[in-house]
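Colleague: no sequence on this one, just coordinates:
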DNA sequence: GTAGACCTTCCAGTACGCTGGAAGGTCAAG
DNA sequence: CTTGACCTTCCAGCGTACTGGAAGGTCTAC
């Protein structure tokens, strides 16, 4: 099976397949007389595995590490379980970050809705994002 | 105020400040006789604005677009409000993606917990990530 | 005059997963 | 023989926000 055919069956591009080989995810296949890559059927399986792993959020480097273990003849279960836990933790972290940013943005959205552009001074850049220290009324602090 | 001093007051590095200038976020300051940058006090304000905007998740390109509007003498409110809405939508999108990936990973985690490595065949890469089509019992489908 | 802190410019690299393009070889059909 | 589809290699670039380092200039203190 040549590169283009494997690309068609796997839903990737020929470029990507060559890139995976160069990145150590796909072993070098034998070549035809003309120098064309000639993949065995298992290559499609391997690519399917890579896509599955990617959809689980694993990086190519991590996927490669799993494949290296597997290619050495060992079962990568323990390693895979570790990667899964790592990624779950990572996702929680990133979701927390996004929630924080969302809170910031919602504050800004409210401020935007309440802002009258004509009251902005030239010295400010944008009071929606970076409001002046105290613009309320001067009575809010006793003294 | 020289670059290092501005860096110290703003909490950035001198490198970053020069990078911002090159990226069009900070106007070119006047130079001393020796060729050193000599920032006016407003520069610190501008950097504070940039940091605020960054913490709201705006990219440097977006922040620059706001600054360009502001530097042209107009108020960037409408533009800023638009960016805020865009980013809120973007965050929702990304959180949805993360939730999807998390679901995938949780499935994998369960599978990992239920997997006995010794039952894996050599033909599989990792049945946690990419399980064989039907490994249950052969009775699950009638016929 | 010399050490050392600070500044300058310019170029390159980081991570990530590809993608584009140039220049050329292979193979089957007409 | 030529066309055209397909393949090969190699090099470069994308986007993001910096960061590192080299090679050299400036300024102050001793």
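Modeller: That came through fine. What you see is a predicted model; the values in this text were computed from it and never measured.

Colleague: pLDDT below threshold where in chain A?
Modeller: Low-confidence segments of chain A, defined by pLDDT under 70: A:133-143.

Colleague: residue of it closest to DNA strand D, please.
Modeller: Relative to DNA strand D, the nearest point of chain A is residue A:4 (2.3 Å; Cβ to the nearest atom of the strand). Bear in mind the C-beta positions are built from the backbone N, C-alpha and C, glycine included.

Colleague: find the nearest non-adjacent residue to the most centrally placed residue in chain A, please.
Modeller: For chain A, the residue nearest the mean C-alpha position is residue A:57 (6.9 Å; Cα atoms, centre = their mean). Nearest residue to residue A:57 in three dimensions, chain neighbours excluded: residue B:101, at 4.5 Å (Cβ to Cβ, 6 or more residues apart in numbering or on different chains).

Colleague: next, the angle from the helix or strand containing that neighbour to helix A:77-113.
Modeller: Residue B:101 belongs to helix B:77-113 when assigned by DSSP states H and E. Interaxial angle, helix B:77-113 versus helix A:77-113 (axes from the mean of the first three to the mean of the last three Cα atoms, to 10 degrees): 160 degrees.

Colleague: can helix B:77-113 be found next to DNA strand D?
Modeller: No: judged by Cβ under 7 Å from any atom of the strand, helix B:77-113 and DNA strand D are separated, with a smallest distance of 11.2 Å.

Colleague: distance from that helix to the middle of the chain?
Modeller: 12 Å (Cα atoms, centre = their mean, to the nearest Å).

Colleague: in that helix, what's buried?
Modeller: B:77, B:79-81, B:83-84, B:87-88, B:91, B:98, B:101-102, B:104-105, B:108-109, B:111-112 (16 or more other Cβ atoms under 10 Å in any protein chain shown).

Colleague: ok, stretch A:59-74 next?
Modeller: A:62-67, A:69-70.

Colleague: give me the contact list for that stretch.
Modeller: In this structure, residues lying in contact with stretch A:59-74 by Cβ atoms under 8 Å, 6 or more residues apart in numbering or on different chains are A:20, A:23-25, A:27, A:46, A:49-50, A:53-54, A:58, A:75-76, A:79-80, A:83, B:122, B:125-126, B:129.

Colleague: please see if that stretch touches DNA strand D.
Modeller: No: residues of stretch A:59-74 contacting DNA strand D under Cβ under 7 Å from any atom of the strand: none, with a closest distance of 12.4 Å.

Colleague: for stretch A:33-40, same thing?
Modeller: Yes: interface with DNA strand D: stretch A:33-40 contributes A:35-37 (Cβ under 7 Å from any atom of the strand).

Colleague: would you list these in TSV and tack on distance to DNA strand C and secondary structure?
Modeller: TSV is the format used below for those (distance: Cβ to the nearest atom of the strand, whole Å; DSSP: H, G, I helix; E, B strand; the rest coil):
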residue	distance to DNA strand C	secondary structure
A:35	5	coil
A:36	7	coil
A:37	12	strand
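
Colleague: which part of chain A gets nearest to DNA strand C, residue-wise?
Modeller: DNA strand C sits closest to residue A:34 of chain A, with a gap of 2.4 Å, by Cβ to the nearest atom of the strand.

Colleague: can you tell me how far that residue is from residue A:1?
Modeller: Remark: distance between residue A:34 and residue A:1 (Cβ to Cβ, to the nearest Å) = 15 Å.
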